[in-house]
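**Student:** quick one: sequence plus predicted model below, questions after.
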Amino acid sequence: MGSSSPSPSPPPAPPQSSAPARGASNASLRWQILRRALLARSASSRASDGITNDQQKIGGTNKISRKASRGFNLIECHVVPVSQLHKSQVNSLNGNGNGNGVECQKDVYVCYKLPCGGSPELNVMYRREDSLELNDIEASNRYNIDTTGLVCCWPSEEVLAFYCINHSDMFRSKRVLELGAGYGLAGLVIAASANANEVIISDGNPQVVGYIQKNISINAETFDLTKVKSMTLHWDQEQPSEMFNSFDIIVASDCTFFKQFHRSLARVVKSLLKHSEASQAIFVSPKRGDSLNKFLEIIKEYGLHYELIENYDPTVWNLHKKYGTGDDRSWPNYNEEHCYPLLVRITFGHFV
């Protein structure tokens, strides 16, 4: 917003609730975050007192945690102390050409031990779950994107990564694209375990892509001869012509949630996937109401074919059944509609 534009009015105060004090406090702080997101940055230069008032609230709003998502715990992992990682990976981190970098106290490193030959390890940088920032909301408005990629490693991403490990042969010597990758776990797993020719890990949020690039850099030695790149790819924007019909496989997880992006996503798949019988897109997404079904309808409108698979991996399926029946209570709020990802194979031709 330009400096001559008037500052928007703050949102109305949230309705009163009979929720417990802690819940009410969290809700109030979230409204403060929204208010700060809507106020123009230029207003701060005109009213230093306003800055002081808002700054007094920042300490509280920064304590609101992001979505802490549970998962299927399919890949063994543990947190790596930042100091320990920096000792072994400092050259990769500093040599990325990003002066300030994205790593700082708000970040955490998680080491994944992949269940495949050689048990390769991946170190993946995430935002801490207590790190919500005004910049995240402002970036969402600026680039017309959502910020879910910064929230966590979603269960569907973990499932996609696990599926790719168990079907690594399909990626061998192939050119692969991950859409809406978030922190890029699935793409990183493919690059580390499948001997693909090239893996491009993309997201529409430039902040997220910064994390992807860092994760590529700190794991470069794990990828052997596979070329691995990050890319800002916004589904609503025209893609470079050299990318058209150039990918053997496209993968994506939980990318069908926002209905307003369905047509753009279907168009991207059709324009970037190779026109061949062997090419395919692999999506894993929960139903989320009618969102997945609506996307599949649009896939058909675009002349593509799909196969919807409910039981695609015995380990994931068994865990899903245990969570659903309550036999395993480690995921107490498990809901099939929102937690269990179905697998969708998308091609240019009919399945045999």
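**Tutor:** Alright, I've got the coordinates.

**Student:** show me where the stretch 151-300 of the chain has its helices.
**Tutor:** Taking DSSP state H, counting those that start in this stretch as the test, the helices found in the stretch 151-300 of the chain are 155-166, 185-193, 206-218, 262-272, 291-301.

**Student:** tabulate those helices in JSON lines, adding columns for mean pLDDT and distance to residue 322.
**Tutor:** All C-beta spots, glycine's among them, are computed from the backbone N, C-alpha and C. As requested, the helices of the stretch 151-300 of the chain are exported to JSON lines (pLDDT from 0 to 100; distance: least, Cβ to Cβ, whole Å):
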{"stretch": "helix 155-166", "mean pLDDT": "97", "distance to residue 322": "14"}
{"stretch": "helix 185-193", "mean pLDDT": "97", "distance to residue 322": "23"}
{"stretch": "helix 206-218", "mean pLDDT": "94", "distance to residue 322": "31"}
{"stretch": "helix 262-272", "mean pLDDT": "97", "distance to residue 322": "32"}
{"stretch": "helix 291-301", "mean pLDDT": "98", "distance to residue 322": "23"}
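
**Student:** looking at those, which is closest to residue 177?
**Tutor:** Checking the helices of the stretch 151-300 of the chain against residue 177 by Cβ to Cβ gives helix 262-272 as the closest, at 6.4 Å.

**Student:** give me the buried positions along that closest one.
**Tutor:** Neighbour-count burial for helix 262-272 flags 262, 264, 265, 266, 267, 268, 269, 270, 272 (criterion: 16 or more other Cβ atoms under 10 Å).

**Student:** which of these sits closest to residue 155?
**Tutor:** For the buried residues of helix 262-272, the closest approach to residue 155 (Cβ to Cβ) belongs to residue 265, at 19.7 Å.

**Student:** what about the closest one, distance to residue 255?
**Tutor:** 6 Å (Cβ to Cβ, to the nearest Å).

**Student:** need the overlap of contacts for these two.
**Tutor:** Taking Cβ atoms under 8 Å, 6 or more residues apart in numbering as the contact rule, residue 265 and residue 255 both touch residue 179.

**Student:** which strands or helices does the helix or strand where residue 126 lies pack on?
**Tutor:** Per DSSP states H and E: residue 126 is located in strand 121-127. Secondary-structure packing of strand 121-127 (3 or more Cβ pairs under 8 Å, 6 or more residues apart in numbering; DSSP states H and E): strand 107-113, helix 185-193, helix 206-218.

**Student:** now the angle between helix 206-218 and the shortest one, please.
**Tutor:** In this structure, strand 107-113 runs at an angle of 50 degrees to helix 206-218, with axes from the mean of the first three to the mean of the last three Cα atoms, to 10 degrees as the basis.

**Student:** looking at the helices and strands packed on strand 121-127, which is buried most?
**Tutor:** Stretch with highest mean neighbour count among the helices and strands packed on strand 121-127: helix 185-193 (a mean of 28; mean count of other Cβ atoms under 10 Å).

**Student:** where do the strands of the stretch 51-200 of the chain begin and end?
**Tutor:** Taking DSSP state E, counting those that start in this stretch, the strands of the stretch 51-200 of the chain run over residues 76-80, 107-113, 121-127, 175-179, 198-203.

**Student:** mean confidence for the third one?
**Tutor:** Spelled out, it's strand 121-127. For strand 121-127, mean pLDDT is 92.

**Student:** so who does residue 341 touch?
**Tutor:** Neighbouring residues of residue 341 by Cβ under 8 Å, 6+ apart: 155, 156, 159, 160, 253, 254, 284, 285, 286.

**Student:** quick one, phi psi at residue 345?
**Tutor:** Main-chain dihedrals, residue 345, degrees, to the nearest 10: phi -100, psi 130.

**Student:** separation between the nearest residue to it once chain neighbours are set aside and residue 70?
**Tutor:** Nearest non-adjacent residue to residue 345, counting by Cβ to Cβ, 6 or more residues apart in numbering: residue 307, 4.5 Å away. For residue 307, the distance to residue 70 equals 28 Å [Cβ to Cβ].

**Student:** mind listing what residue 215 touches?
**Tutor:** If a contact means Cβ under 8 Å, 6+ apart, then residue 215 has 122, 123, 124, 125, 183, 184, 188 as its contacts.

**Student:** in terms of pLDDT, where does the fifth one sit?
**Tutor:** Confidence per residue is given as pLDDT, and for residue 183 that number is 93.

**Student:** so what's the residue count around it?
**Tutor:** Counted with other Cβ atoms under 10 Å, the neighbours of residue 183 add up to 26.

**Student:** low-confidence ranges, the chain, go.
**Tutor:** Across the chain, the ranges flagged by pLDDT under 70 are 1-69, 82-105, 129-132, 134, 136-151, 350-352.

**Student:** and with 80 instead?
**Tutor:** For the chain, applying pLDDT under 80 flags the ranges 1-70, 82-106, 128-152, 350-352.

**Student:** returning to what we had before: right, and the helices and strands packed on strand 121-127 - which one's nearest residue 237?
**Tutor:** helix 206-218 (12.6 Å).

**Student:** can you give me the angle the closest one makes with helix 185-193?
**Tutor:** Using the same axes, to 10 degrees: helix 206-218 against helix 185-193 is 20 degrees.

**Student:** now residue 135: closest residue in space, sequence neighbours ignored.
**Tutor:** residue 207 (7.6 Å).

**Student:** before we move on, what about residue 180?
**Tutor:** Counting by Cβ to Cβ, 6+ apart, the residue nearest residue 180 is residue 255, at 4.1 Å.
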